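Trainee: Fold the following, please.
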Amino acid sequence: MIDIKRGRYVNPIAEEWLGLVKKFFHDPSRSYIELPSKKRRYFDSYAHKLRYECLRQVFIYTKNKRHRIACVKKLYYWWKHLDTIILANPNAIDAQIKIWDKKKIGEIRFLRFLSSIFVTYYEKISIKYGHYLVNKLNIKTCPYCNRQFIYTFKGRVEERPELDHFYSKTDYPIYCLSFYNLIPACHACNHVKLDKKIGLNPYSGAFKRKFIITDKDGNHLTKSQIYKLTEKEIKLDFAGNDPNEELNDKILGIRDVYNKHTDYVKELIDKSMAYDMHAMKALVESFQGVGYHPRQVYDFVWGRHLMNAEYEDRPLSKLTKDILDLLDIKRR
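Mentor: Numbers count the residues shown, from 1 in each chain. Next up is the predicted model:
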(Lines give C-alpha, C1' and ligand atoms only; values in the text may rest on other atoms or scores of the structure.)
Protein backbone atom coordinates (compact mmCIF):
# COMPACT_ATOMS: atom_id res chain seq x y z
CA MET A 1 0.00 0.00 0.00
CA ILE A 2 1.36 3.38 -1.08
CA ASP A 3 0.48 6.75 0.46
CA ILE A 4 -1.00 8.79 -2.41
CA LYS A 5 -0.61 12.08 -0.51
CA ARG A 6 3.11 11.60 0.09
CA GLY A 7 5.13 13.75 -2.26
CA ARG A 8 2.17 15.61 -3.80
CA TYR A 9 -0.37 18.26 -2.86
CA VAL A 10 -3.76 16.68 -3.46
CA ASN A 11 -5.96 19.47 -2.06
CA PRO A 12 -5.77 21.60 -5.23
CA ILE A 13 -6.59 18.51 -7.31
CA ALA A 14 -9.56 17.78 -5.03
CA GLU A 15 -10.82 21.35 -5.49
CA GLU A 16 -10.42 20.99 -9.23
CA TRP A 17 -12.36 17.72 -9.16
CA LEU A 18 -15.15 19.48 -7.25
CA GLY A 19 -15.22 22.15 -9.96
CA LEU A 20 -15.55 19.51 -12.68
CA VAL A 21 -18.40 17.75 -10.87
CA LYS A 22 -20.29 21.03 -10.40
CA LYS A 23 -19.62 21.99 -14.02
CA PHE A 24 -21.13 18.69 -15.16
CA PHE A 25 -24.30 19.20 -13.12
CA HIS A 26 -24.81 22.90 -13.86
CA ASP A 27 -23.75 23.21 -17.49
CA PRO A 28 -26.72 23.60 -19.85
CA SER A 29 -27.83 20.29 -21.32
CA ARG A 30 -30.78 18.73 -23.09
CA SER A 31 -31.03 15.77 -20.73
CA TYR A 32 -34.34 13.98 -20.44
CA ILE A 33 -36.14 11.01 -18.94
CA GLU A 34 -38.67 8.71 -20.54
CA LEU A 35 -42.13 9.03 -18.96
CA PRO A 36 -44.60 6.12 -18.70
CA SER A 37 -46.70 7.84 -21.37
CA LYS A 38 -43.75 7.33 -23.76
CA LYS A 39 -43.18 11.06 -23.79
CA ARG A 40 -39.93 12.71 -22.79
CA ARG A 41 -39.41 15.25 -20.05
CA TYR A 42 -36.48 17.54 -20.78
CA PHE A 43 -34.27 19.39 -18.28
CA ASP A 44 -31.95 22.35 -18.77
CA SER A 45 -29.20 20.76 -16.64
CA TYR A 46 -28.24 17.46 -15.06
CA ALA A 47 -28.72 19.07 -11.63
CA HIS A 48 -32.42 19.58 -12.33
CA LYS A 49 -32.72 16.08 -13.76
CA LEU A 50 -31.07 14.54 -10.70
CA ARG A 51 -33.37 16.42 -8.34
CA TYR A 52 -36.44 15.36 -10.27
CA GLU A 53 -35.35 11.71 -10.31
CA CYS A 54 -34.61 11.68 -6.58
CA LEU A 55 -37.87 13.41 -5.66
CA ARG A 56 -39.81 10.96 -7.80
CA GLN A 57 -38.14 8.08 -5.94
CA VAL A 58 -39.27 9.52 -2.61
CA PHE A 59 -42.88 8.78 -3.55
CA ILE A 60 -41.95 5.20 -4.42
CA TYR A 61 -39.82 4.71 -1.31
CA THR A 62 -42.54 5.60 1.22
CA LYS A 63 -46.28 6.26 1.34
CA ASN A 64 -46.10 8.00 4.70
CA LYS A 65 -46.51 11.78 4.32
CA ARG A 66 -44.30 12.71 7.27
CA HIS A 67 -41.65 10.27 6.10
CA ARG A 68 -41.78 11.78 2.60
CA ILE A 69 -41.28 15.28 4.00
CA ALA A 70 -38.29 14.06 6.02
CA CYS A 71 -36.76 12.42 2.90
CA VAL A 72 -37.23 15.59 0.83
CA LYS A 73 -35.57 17.67 3.54
CA LYS A 74 -32.67 15.24 3.59
CA LEU A 75 -32.30 15.49 -0.20
CA TYR A 76 -32.16 19.28 -0.07
CA TYR A 77 -29.65 19.07 2.76
CA TRP A 78 -27.36 16.88 0.63
CA TRP A 79 -27.68 19.15 -2.39
CA LYS A 80 -26.88 22.19 -0.24
CA HIS A 81 -23.75 20.49 1.13
CA LEU A 82 -22.48 19.02 -2.15
CA ASP A 83 -19.06 20.67 -1.71
CA THR A 84 -18.60 19.10 1.72
CA ILE A 85 -19.58 15.67 0.42
CA ILE A 86 -17.26 15.80 -2.61
CA LEU A 87 -14.30 17.01 -0.50
CA ALA A 88 -14.96 14.82 2.57
CA ASN A 89 -11.67 13.32 3.76
CA PRO A 90 -11.31 9.66 4.79
CA ASN A 91 -11.68 10.45 8.52
CA ALA A 92 -14.94 12.35 7.94
CA ILE A 93 -16.35 9.58 5.74
CA ASP A 94 -15.31 6.91 8.26
CA ALA A 95 -17.02 8.77 11.09
CA GLN A 96 -20.30 9.08 9.15
CA ILE A 97 -20.25 5.44 8.03
CA LYS A 98 -19.69 4.26 11.62
CA ILE A 99 -22.82 6.16 12.64
CA TRP A 100 -24.85 4.57 9.83
CA ASP A 101 -23.51 1.06 10.49
CA LYS A 102 -24.07 1.32 14.25
CA LYS A 103 -27.58 2.73 14.25
CA LYS A 104 -28.89 1.21 10.99
CA ILE A 105 -30.92 4.39 10.62
CA GLY A 106 -33.42 5.09 7.87
CA GLU A 107 -31.13 7.65 6.25
CA ILE A 108 -28.74 5.00 4.93
CA ARG A 109 -31.62 2.80 3.79
CA PHE A 110 -33.01 5.72 1.82
CA LEU A 111 -29.58 6.43 0.36
CA ARG A 112 -29.20 2.85 -0.81
CA PHE A 113 -32.65 3.06 -2.39
CA LEU A 114 -31.28 5.95 -4.49
CA SER A 115 -28.06 4.07 -5.27
CA SER A 116 -28.80 3.31 -8.93
CA ILE A 117 -29.43 7.01 -9.65
CA PHE A 118 -26.24 8.23 -7.97
CA VAL A 119 -24.11 5.51 -9.54
CA THR A 120 -25.44 6.36 -13.01
CA TYR A 121 -24.20 9.93 -12.60
CA TYR A 122 -20.85 8.72 -11.28
CA GLU A 123 -20.44 6.62 -14.43
CA LYS A 124 -21.24 9.59 -16.66
CA ILE A 125 -18.80 11.87 -14.83
CA SER A 126 -16.03 9.26 -14.69
CA ILE A 127 -16.30 8.73 -18.44
CA LYS A 128 -16.07 12.47 -19.02
CA TYR A 129 -13.47 13.47 -16.42
CA GLY A 130 -11.92 10.26 -15.03
CA HIS A 131 -8.94 10.35 -17.39
CA TYR A 132 -8.26 13.98 -16.46
CA LEU A 133 -8.42 13.22 -12.72
CA VAL A 134 -6.02 10.27 -12.84
CA ASN A 135 -3.66 12.16 -15.14
CA LYS A 136 -3.55 15.08 -12.67
CA LEU A 137 -2.75 12.73 -9.78
CA ASN A 138 0.06 11.23 -11.89
CA ILE A 139 0.25 7.97 -9.94
CA LYS A 140 2.42 5.49 -11.82
CA THR A 141 1.81 2.24 -9.94
CA CYS A 142 -1.25 0.79 -8.23
CA PRO A 143 -1.37 2.22 -4.67
CA TYR A 144 -3.00 -0.96 -3.36
CA CYS A 145 -0.33 -3.45 -4.51
CA ASN A 146 2.64 -1.53 -6.02
CA ARG A 147 2.91 -4.35 -8.58
CA GLN A 148 1.39 -2.87 -11.76
CA PHE A 149 1.98 0.29 -13.74
CA ILE A 150 -1.23 2.35 -14.09
CA TYR A 151 -0.35 4.96 -16.68
CA THR A 152 -2.83 7.16 -18.48
CA PHE A 153 -2.28 7.59 -22.20
CA LYS A 154 -4.03 8.60 -25.38
CA GLY A 155 -4.01 6.19 -28.29
CA ARG A 156 -6.94 5.53 -30.58
CA VAL A 157 -8.99 6.24 -27.46
CA GLU A 158 -8.07 7.59 -24.01
CA GLU A 159 -6.93 4.92 -21.57
CA ARG A 160 -6.67 5.24 -17.81
CA PRO A 161 -6.48 3.06 -14.69
CA GLU A 162 -9.71 1.88 -13.13
CA LEU A 163 -11.14 3.95 -10.28
CA ASP A 164 -11.92 1.90 -7.20
CA HIS A 165 -14.41 3.15 -4.62
CA PHE A 166 -12.70 2.62 -1.27
CA TYR A 167 -16.16 2.90 0.29
CA SER A 168 -18.63 0.91 -1.82
CA LYS A 169 -20.60 3.10 -4.20
CA THR A 170 -23.65 0.86 -3.83
CA ASP A 171 -23.57 0.73 -0.01
CA TYR A 172 -22.64 4.41 0.42
CA PRO A 173 -23.73 6.09 -2.84
CA ILE A 174 -23.63 9.59 -1.36
CA TYR A 175 -19.81 9.31 -1.55
CA CYS A 176 -19.60 7.81 -5.04
CA LEU A 177 -18.16 11.09 -6.40
CA SER A 178 -16.09 12.03 -3.33
CA PHE A 179 -12.50 12.75 -4.29
CA TYR A 180 -10.90 10.76 -1.44
CA ASN A 181 -13.11 7.77 -2.23
CA LEU A 182 -11.76 7.42 -5.77
CA ILE A 183 -8.58 5.32 -5.83
CA PRO A 184 -6.74 4.80 -9.14
CA ALA A 185 -6.04 1.06 -9.16
CA CYS A 186 -4.96 -1.81 -11.36
CA HIS A 187 -7.58 -4.16 -12.80
CA ALA A 188 -6.60 -7.03 -10.47
CA CYS A 189 -6.94 -5.06 -7.21
CA ASN A 190 -10.15 -3.34 -8.28
CA HIS A 191 -11.86 -6.59 -9.24
CA VAL A 192 -10.62 -8.57 -6.24
CA LYS A 193 -11.77 -5.88 -3.85
CA LEU A 194 -15.14 -5.08 -5.49
CA ASP A 195 -17.48 -3.79 -2.72
CA LYS A 196 -15.58 -5.38 0.17
CA LYS A 197 -14.35 -3.24 3.04
CA ILE A 198 -10.63 -2.93 3.61
CA GLY A 199 -8.84 -1.19 6.44
CA LEU A 200 -6.37 1.36 5.07
CA ASN A 201 -7.20 4.07 2.55
CA PRO A 202 -4.19 5.07 0.36
CA TYR A 203 -5.11 8.70 1.05
CA SER A 204 -4.68 8.04 4.79
CA GLY A 205 -1.24 6.43 4.74
CA ALA A 206 0.96 3.58 3.55
CA PHE A 207 1.78 0.15 4.94
CA LYS A 208 4.16 0.66 7.87
CA ARG A 209 5.01 -3.01 8.21
CA LYS A 210 8.01 -4.22 6.27
CA PHE A 211 8.43 -7.32 4.15
CA ILE A 212 10.60 -9.99 5.76
CA ILE A 213 11.93 -13.34 4.54
CA THR A 214 11.04 -16.47 6.52
CA ASP A 215 11.39 -20.18 5.98
CA LYS A 216 8.38 -22.21 4.87
CA ASP A 217 7.31 -22.61 8.51
CA GLY A 218 7.26 -18.84 9.06
CA ASN A 219 10.40 -18.69 11.21
CA HIS A 220 12.46 -15.49 11.07
CA LEU A 221 15.87 -16.00 9.49
CA THR A 222 19.28 -14.46 10.02
CA LYS A 223 21.13 -12.90 7.10
CA SER A 224 23.44 -15.92 6.82
CA GLN A 225 20.41 -18.24 6.72
CA ILE A 226 18.78 -16.10 4.02
CA TYR A 227 21.88 -16.41 1.83
CA LYS A 228 21.52 -20.22 1.86
CA LEU A 229 17.88 -20.28 0.70
CA THR A 230 16.88 -21.61 -2.69
CA GLU A 231 14.12 -19.82 -4.60
CA LYS A 232 11.59 -22.49 -3.59
CA GLU A 233 12.49 -22.10 0.09
CA ILE A 234 11.84 -18.36 0.20
CA LYS A 235 8.66 -17.16 1.88
CA LEU A 236 7.65 -13.50 2.22
CA ASP A 237 5.72 -12.19 5.20
CA PHE A 238 5.10 -8.92 7.02
CA ALA A 239 6.81 -7.96 10.26
CA GLY A 240 4.47 -7.07 13.14
CA ASN A 241 0.69 -6.77 13.36
CA ASP A 242 -1.69 -4.05 12.24
CA PRO A 243 -5.44 -4.77 11.99
CA ASN A 244 -6.07 -2.35 9.11
CA GLU A 245 -3.11 -3.61 7.09
CA GLU A 246 -4.12 -7.20 7.81
CA LEU A 247 -7.61 -6.51 6.43
CA ASN A 248 -6.13 -5.05 3.23
CA ASP A 249 -3.86 -8.08 2.93
CA LYS A 250 -6.74 -10.52 3.51
CA ILE A 251 -9.09 -8.97 0.93
CA LEU A 252 -6.50 -8.05 -1.71
CA GLY A 253 -4.31 -11.12 -1.20
CA ILE A 254 -1.14 -9.01 -1.00
CA ARG A 255 0.93 -11.51 0.95
CA ASP A 256 -0.07 -14.34 -1.38
CA VAL A 257 0.55 -12.44 -4.61
CA TYR A 258 3.95 -11.19 -3.45
CA ASN A 259 5.00 -14.77 -2.84
CA LYS A 260 4.77 -15.17 -6.62
CA HIS A 261 7.86 -12.93 -6.79
CA THR A 262 10.31 -15.19 -4.96
CA ASP A 263 12.43 -15.35 -8.13
CA TYR A 264 12.92 -11.58 -7.92
CA VAL A 265 13.76 -11.79 -4.20
CA LYS A 266 16.31 -14.53 -4.94
CA GLU A 267 17.94 -12.22 -7.51
CA LEU A 268 18.26 -9.50 -4.86
CA ILE A 269 19.83 -11.97 -2.44
CA ASP A 270 22.31 -13.24 -5.04
CA LYS A 271 23.16 -9.70 -6.13
CA SER A 272 23.77 -8.65 -2.51
CA MET A 273 26.34 -11.44 -2.18
CA ALA A 274 28.01 -10.49 -5.48
CA TYR A 275 28.11 -6.80 -4.61
CA ASP A 276 29.53 -7.13 -1.12
CA MET A 277 31.20 -4.22 0.70
CA HIS A 278 34.51 -4.65 -1.13
CA ALA A 279 32.92 -4.97 -4.58
CA MET A 280 30.75 -1.90 -3.98
CA LYS A 281 33.72 0.11 -2.79
CA ALA A 282 35.66 -0.75 -5.94
CA LEU A 283 32.64 0.07 -8.09
CA VAL A 284 32.13 3.43 -6.38
CA GLU A 285 35.80 4.33 -6.84
CA SER A 286 35.68 3.45 -10.54
CA PHE A 287 32.54 5.52 -11.11
CA GLN A 288 33.78 8.49 -9.09
CA GLY A 289 36.54 8.84 -11.65
CA VAL A 290 33.90 9.86 -14.19
CA GLY A 291 31.99 12.14 -11.82
CA TYR A 292 29.33 9.89 -10.28
CA HIS A 293 28.30 10.15 -6.60
CA PRO A 294 28.16 6.96 -4.45
CA ARG A 295 24.37 7.31 -4.21
CA GLN A 296 24.14 7.27 -7.99
CA VAL A 297 26.20 4.07 -8.05
CA TYR A 298 23.74 2.56 -5.55
CA ASP A 299 20.91 3.48 -7.93
CA PHE A 300 22.72 1.85 -10.87
CA VAL A 301 23.01 -1.42 -8.97
CA TRP A 302 19.72 -1.60 -7.08
CA GLY A 303 17.43 0.65 -9.08
CA ARG A 304 15.98 4.08 -8.51
CA HIS A 305 12.77 5.11 -6.73
CA LEU A 306 13.59 3.33 -3.46
CA MET A 307 12.81 6.27 -1.17
CA ASN A 308 9.38 6.25 0.54
CA ALA A 309 8.04 9.13 -1.55
CA GLU A 310 9.16 7.40 -4.75
CA TYR A 311 7.65 3.93 -4.18
CA GLU A 312 4.79 4.67 -6.53
CA ASP A 313 7.15 5.34 -9.46
CA ARG A 314 8.29 1.75 -9.93
CA PRO A 315 6.57 -1.64 -9.38
CA LEU A 316 7.88 -3.69 -6.43
CA SER A 317 9.86 -0.72 -5.10
CA LYS A 318 8.67 -1.16 -1.49
CA LEU A 319 9.51 -4.87 -1.61
CA THR A 320 12.96 -4.05 -3.02
CA LYS A 321 13.71 -1.47 -0.33
CA ASP A 322 12.50 -3.72 2.50
CA ILE A 323 14.64 -6.65 1.32
CA LEU A 324 17.70 -4.42 0.92
CA ASP A 325 17.17 -3.11 4.47
CA LEU A 326 16.87 -6.70 5.67
CA LEU A 327 20.24 -7.45 4.04
CA ASP A 328 21.83 -4.28 5.54
CA ILE A 329 22.28 -2.62 2.16
CA LYS A 330 21.90 1.13 2.62
CA ARG A 331 21.93 4.08 0.25
CA ARG A 332 24.79 6.23 1.58
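Trainee: so who does F118 touch?
Mentor: Neighbour list for F118: 169, 173-174, 176-177 [criterion: Cβ atoms under 8 Å, 6 or more residues apart in numbering]. No exception for glycine: its C-beta is placed from N, CA and C like everyone else's.
Trainee: For those residues, which entry has the maximal number of neighbours?
Mentor: Among the contacts of F118, L177 has the most neighbours (other Cβ atoms under 10 Å), with 25 neighbours.
Trainee: ok but that residue is inside a strand, no?
Mentor: No: per DSSP: H, G, I helix; E, B strand; the rest coil, L177 lies outside any strand segment and is coil.
Trainee: Distance of it relative to E310?
Mentor: Using Cβ to Cβ, to the nearest Å, L177 is found at 30 Å from E310.
Trainee: mind putting the contacts of F118 in TSV, pLDDT and distance to V72 included?
Mentor: As requested, the contacts of F118 are exported to TSV (pLDDT from 0 to 100; distance: Cβ to Cβ, whole Å):
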residue	pLDDT	distance to V72
K169	94	23
P173	94	18
I174	95	16
C176	96	21
L177	97	21
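Trainee: which one of those residues sits closest to L82?
Mentor: Using Cβ to Cβ, L177 is the member of the contacts of F118 that lies nearest L82, at 9.0 Å.
Trainee: residues touching the closest one, list them.
Mentor: 21, 85-86, 118, 121-122, 125.
Trainee: if we go to 6 Å?
Mentor: L177 sits next to 21, 86, 122 when contact means Cβ atoms under 6 Å, 6 or more residues apart in numbering.
Trainee: again, but for D325
Mentor: D325 makes no contacts at all, as judged by Cβ under 6 Å, 6+ apart.
Trainee: which secondary structure element contains it?
Mentor: Applying DSSP states H and E as the criterion places D325 in helix 317-326.
Trainee: Now that helix: average pLDDT?
Mentor: Helix 317-326 carries an average pLDDT of 90.
Trainee: and it, how far from the chain's centre?
Mentor: How far helix 317-326 lies from its chain's middle: 21 Å, per Cα atoms, centre = their mean, to the nearest Å.
Trainee: Including distance to S224, could the contacts of F118 go into CSV?
Mentor: Formatted as CSV, the contacts of F118 follow (distance: Cβ to Cβ, whole Å):
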residue, distance to S224
K169, 51
P173, 55
I174, 56
C176, 53
L177, 54
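Trainee: Out of those, which is nearest to I97?
Mentor: If you rank the contacts of F118 by distance to I97 using Cβ to Cβ, I174 comes first, at 10.1 Å.
Trainee: circling back to that earlier point, of all the contacts of F118, which comes closest to R147?
Mentor: R147 has its nearest neighbour among the contacts of F118 in K169, at 24.4 Å by Cβ to Cβ.
Trainee: Look up the closest residue to that closest one, ignoring the ones flanking it.
Mentor: C176 (3.9 Å; Cβ to Cβ, 6 or more residues apart in numbering).
Trainee: for K208, same thing?
Mentor: Nearest residue to K208, sequence neighbours excluded (Cβ to Cβ, 6+ apart): D242, at 6.7 Å.
Trainee: What degree of burial does L194 show, as a neighbour count?
Mentor: Residues lying near L194 (other Cβ under 10 Å) number 11.
Trainee: so what's the backbone phi/psi at it?
Mentor: phi 50, psi -120 (degrees, to the nearest 10).
Trainee: Show me which helix runs longest in the chain.
Mentor: Counting by DSSP state H, the longest helix found in the chain is helix 115-137.
Trainee: Show me which positions of it end up buried.
Mentor: Within helix 115-137, the residues that count as buried by 16 or more other Cβ atoms under 10 Å are 115, 118-119, 121-122, 125-126, 129-131, 133-137.
Trainee: Can you give me the neighbour number for the nearest residue to K196 once chain neighbours are set aside?
Mentor: Nearest non-adjacent residue to K196, counting by Cβ to Cβ, 6+ apart: I251, 5.0 Å away. I251 is flanked by 17 other residues according to other Cβ under 10 Å.
Trainee: Distance from the host helix or strand of I251 to the middle of the chain?
Mentor: Assessed by DSSP H and E, I251 sits inside helix 243-252. Computed by Cα atoms, centre = their mean, the separation of helix 243-252 from the middle of its chain amounts to 14 Å.
Trainee: Good, we can wrap up now.
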